[in-house]
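Trainee: I'll drop the sequence and a predicted model, then ask my questions.
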Amino acid sequence: MLIAGNWKLNCNINEAIDLSSSILNNLNSKVLRSEVALFPPTIYIETVYNVIKNSNIALGAQDCSVNISGAYTGDVSAPMLNDFGCKFSIVGHSERRNGKNESNKDVYLKAKNLMDFKMIPIICVGENAEDRERGNALDVIKKQLEESIPKSNNEFIIAYEPIWAIGSGKIPTLDSINEMFNMIRQWLTNNSMKNNIKILYGGSVNKGNAKELFSCKDLGGLLIGGVSLNPTEFSEICIIAS
């Protein structure tokens, strides 16, 4: 199981040091059966790496470029992230799909670049409230899977994050999550993918609902946003997972 903390656009350099140090101190003496990974803003990846480099906490990026090199001002490529010790990178988060107009093809290219440089993409999929209300959620996610995931490599993770749940305090019912996970697992099987590919849940995860989420049959971990900025609560979820 993987517990991933996505800090999004938060923290200054001192806060990044304090947050990663606090999480490290909280977990250092614990026997964890789940992997823990932190996803700071790109500019603080090296800072956090220096805090956690001798620990069992992994490092990830929040995004990467569709390009490997060239005249792409402001982009950060997969090999650059690899140089800084990133094991993972999130791609296709709804805040980029919607806010930055990223397409499924963009997500596919980013995921492929990460795989080519021996990193693990966490490929996000999720439906909006309208699609959920109309009963289209399964079809929307299936299309995202079909167009966002390279089928030539099994080294990836899927994160199901219903857009309407992110930051809202609402989460789907366990039956809805299990239904979605079952569909995703069947899609993986139909495409000859490994049966041990992790499927994470994300969207308004907190200590109060984590135990319930861990009862989902196919849950491979959690992608946690806001609560990952609270070192005590985030650490407690990591401990619950173990």
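Mentor: Sure thing, it's come through. For clarity, every value in this text was computed on a predicted model and none was experimentally measured.

Trainee: okay, now the unreliable bits of the chain?
Mentor: Using pLDDT under 70 as the threshold, the predicted model of the chain has no low-confidence range.

Trainee: which residues in it form helices?
Mentor: Per DSSP state H, the chain carries helices over the ranges 13-27, 45-52, 78-83, 94-97, 104-116, 129-133, 137-148, 174-190, 207-213, 231-241.

Trainee: of those helices, which approaches residue 33 most closely?
Mentor: With CB to CB as the measure, helix 231-241 is the member of the helices of the chain nearest residue 33 (7.6 Å). From N, CA and C alone the C-beta is placed, and that goes for glycine too.

Trainee: list the buried residues of the closest one.
Mentor: Taking 16 or more other CB atoms under 10 Å as the basis for neighbour counts, the residues of helix 231-241 that come out buried are 231, 233, 234, 235, 236, 237, 238, 239, 241.

Trainee: against which helices or strands is that helix packed?
Mentor: Judged by 3 or more CB pairs under 8 Å, 6 or more residues apart in numbering; DSSP states H and E, helix 231-241 is in contact with strand 2-6, helix 13-27, helix 207-213, strand 219-224.

Trainee: contact partners of the third one?
Mentor: Read that as helix 207-213. If you take CB atoms under 8 Å, 6 or more residues apart in numbering as the criterion, helix 207-213 is touched by 171, 174, 177, 201, 205, 219, 222, 227, 233, 236-237, 240-241.

Trainee: next one: it to chain centre, how far?
Mentor: Between the mean C-alpha point of helix 207-213 and the mean C-alpha point of its chain there is a distance of 17 Å (CA atoms, centre = their mean, to the nearest Å).

Trainee: just the buried residues of it, please?
Mentor: Counting neighbours by 16+ other CB under 10 Å, one finds that the buried residues in helix 207-213 are 209, 210, 213.

Trainee: also the longest one?
Mentor: Going by neighbour count (16+ other CB under 10 Å), the buried part of helix 13-27 is 16, 17, 19, 20, 22, 23, 24, 26, 27.

Trainee: which residue, other than its chain neighbours, is closest to residue 166?
Mentor: residue 203 (4.9 Å; CB to CB, 6 or more residues apart in numbering).

Trainee: stretch 113-131: end-to-end distance?
Mentor: The straight-line separation of the ends of stretch 113-131 (CA to CA, to the nearest Å) is 30 Å.

Trainee: buried set for that stretch?
Mentor: Applying a neighbour-count criterion of 16+ other CB under 10 Å, one finds 113-115, 117, 119-128, 131 buried in stretch 113-131.

Trainee: rewinding a little: got the helices of the chain as TSV, with distance to residue 59 columns?
Mentor: What follows is these, written out as TSV (distance: least, CB to CB, whole Å):
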stretch	distance to residue 59
helix 13-27	9
helix 45-52	5
helix 78-83	9
helix 94-97	20
helix 104-116	14
helix 129-133	33
helix 137-148	23
helix 174-190	26
helix 207-213	22
helix 231-241	15
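
Trainee: out of the ones you listed, the one nearest residue 167 is which?
Mentor: helix 94-97 (9.6 Å).

Trainee: returning to that earlier point: export the buried residues of helix 13-27 to TSV and tack on distance to residue 46?
Mentor: Written out in TSV, the entries for the buried residues of helix 13-27 read as follows (distance: CB to CB, whole Å):
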residue	distance to residue 46
16	10
17	11
19	15
20	12
22	19
23	17
24	16
26	22
27	21
